[in-house]
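Peer 1: this one's sequence-less:
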């Protein structure tokens, strides 16, 4: 029996893109999937468009909820998912027809895998290959290189408590992968292009200003301080510098930033990040 993959598509006022995204799901060569469309309190035509897909194929399901943000929307869809494997897919993005089957083959070959992703292309306002750094835990401590539409096991989502709803302003994928991978597990990147990321002038990423970004960095630096210190350096090597800055001893953002500048040569919290 084929492994069931649950594809979770949160949608907040992105009905104009939803058809393209769901068509890419319908085109999958791996037939054992369900697609849960989570309407996160949309006021556009999302419900009408989603309903047509539910009528077209019973593997599509529609759920409406009050608007609480992307993390809460994903969690609500995954909570009712029947699949052993999860693939989040934003309502304005697309996947290739072979993505699911290629990802599942990787999981069959390696029982230690936690995350499978692939090469990706940007389309829309910008059309180019998405050049992502190679995965390693150290690189993950510096920045995120795994986009949201990677395949993982539902059991791992349960283990870490799902997407952190405190990440309301963005960077939620980075935080999620850190939570999932920091204590072990392997990652596989498929060399084929399997994901298509839509670029637009107005998006959650482009709207993430410095003040909001810093709030998310601050939160992550506290929650995952052990992870950042482990892979970017120990505070012990900086004790003399810290002692000269006594006023900052209780400022976790300062401490983490000090390590980052010492080890990797940049300011994580700077306005140029």
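Peer 2: Received it, and whenever you're ready, just let me know what you need. If you're wondering where the values come from, they're calculated on a predicted model, not measured in any experiment. Residues are numbered from 1 along each chain as shown.
Peer 1: Going by C-alpha atoms from here, please, whenever you check contacts or count neighbours.
Peer 2: OK.
Peer 1: quick one: low-confidence parts of the stretch 101-250 of the chain?
Peer 2: Flagging of the stretch 101-250 of the chain using pLDDT under 70 yields the residue ranges 202-208, 234-250.
Peer 1: other SSEs contacting the longest helix seen in the chain?
Peer 2: Counting residues, the longest helix found in the chain (DSSP state H) is helix 210-223. Using 3 or more Cα pairs under 8 Å, 6 or more residues apart in numbering; DSSP states H and E as the contact test, the elements touching helix 210-223 are helix 252-263.
Peer 1: Mind splitting the chain into its structural domains?
Peer 2: The chain breaks down by automatic domain parsing into domains covering 5-199, 210-263.
Peer 1: if we can go back for a sec, how far off centre is the longest helix of the chain?
Peer 2: Averaging C-alpha positions (Cα atoms, centre = their mean, to the nearest Å) puts helix 210-223 16 Å from its chain's average.
Peer 1: quick one on the thing from earlier: just say which of the domains of the chain is most tucked in.
Peer 2: For the domains of the chain, the largest average neighbour count (mean count of other Cα atoms under 10 Å) is found in domain 5-199, namely a mean of 18.
Peer 1: in its sheet, what does the biggest strand by length in the chain sit against?
Peer 2: Assignment by DSSP state E gives strand 186-199 as the longest strand of the chain. Strands that pair with strand 186-199, judged by DSSP bridges, come out as strand 94-95 (antiparallel), strand 113-124 (parallel).
Peer 1: how far does the first one sit from the chain's center?
Peer 2: Translated: strand 94-95. Centroid separation for strand 94-95 versus its chain: 15 Å, with Cα atoms, centre = their mean.
Peer 1: With stretch 24-36 instead?
Peer 2: For stretch 24-36, the separation from the chain centroid amounts to 20 Å (computed by Cα atoms, centre = their mean).
Peer 1: Contacts for stretch 117-126, please.
Peer 2: 103, 127-130, 146-147, 149-151, 188-201 (Cα atoms under 8 Å, 6 or more residues apart in numbering).
Peer 1: typo on my end, stretch 32-46
Peer 2: The contact list for stretch 32-46 (Cα under 8 Å, 6+ apart) reads 2-16, 18, 25, 47, 50, 59-70, 73-74, 76-77, 81, 83.
Peer 1: can you rerun that using 7 Å?
Peer 2: Under the criterion Cα atoms under 7 Å, 6 or more residues apart in numbering, residues 2-15, 59-68, 73, 77 lie in contact with stretch 32-46.
Peer 1: Looking at these, which are in strands?
Peer 2: Within those, residues falling in strands by DSSP E are 5-11, 60-65.
Peer 1: picking that back up, helix or strand next in line after the longest helix of the chain, which one?
Peer 2: Per DSSP states H and E, the first helix or strand lying C-terminal to helix 210-223 is helix 225-232.
Peer 1: which helices and strands sit right next to that next one?
Peer 2: When contacts are defined as 3 or more Cα pairs under 7 Å, 6 or more residues apart in numbering; DSSP states H and E, helix 225-232 sits against helix 137-142, helix 252-263.
Peer 1: So what angle separates the directions of it and helix 210-223?
Peer 2: 90 degrees (axes from the mean of the first three to the mean of the last three Cα atoms, to 10 degrees).
Peer 1: mind checking the SS state of residue 170?
Peer 2: When classified by DSSP: H, G, I helix; E, B strand; the rest coil, residue 170 comes out as coil.
Peer 1: Check the gap between it and residue 160 for me.
Peer 2: Per Cα to Cα, to the nearest Å, residue 170 is found 19 Å from residue 160.
Peer 1: and if you look at residue 152?
Peer 2: Residue 152 sits 12 Å away from residue 160, going by Cα to Cα.
Peer 1: cool, residue 131 as well?
Peer 2: In terms of Cα to Cα, residue 131 sits 28 Å off from residue 160.
Peer 1: Which pLDDT value does the model give residue 73?
Peer 2: pLDDT recorded at residue 73 is 98.
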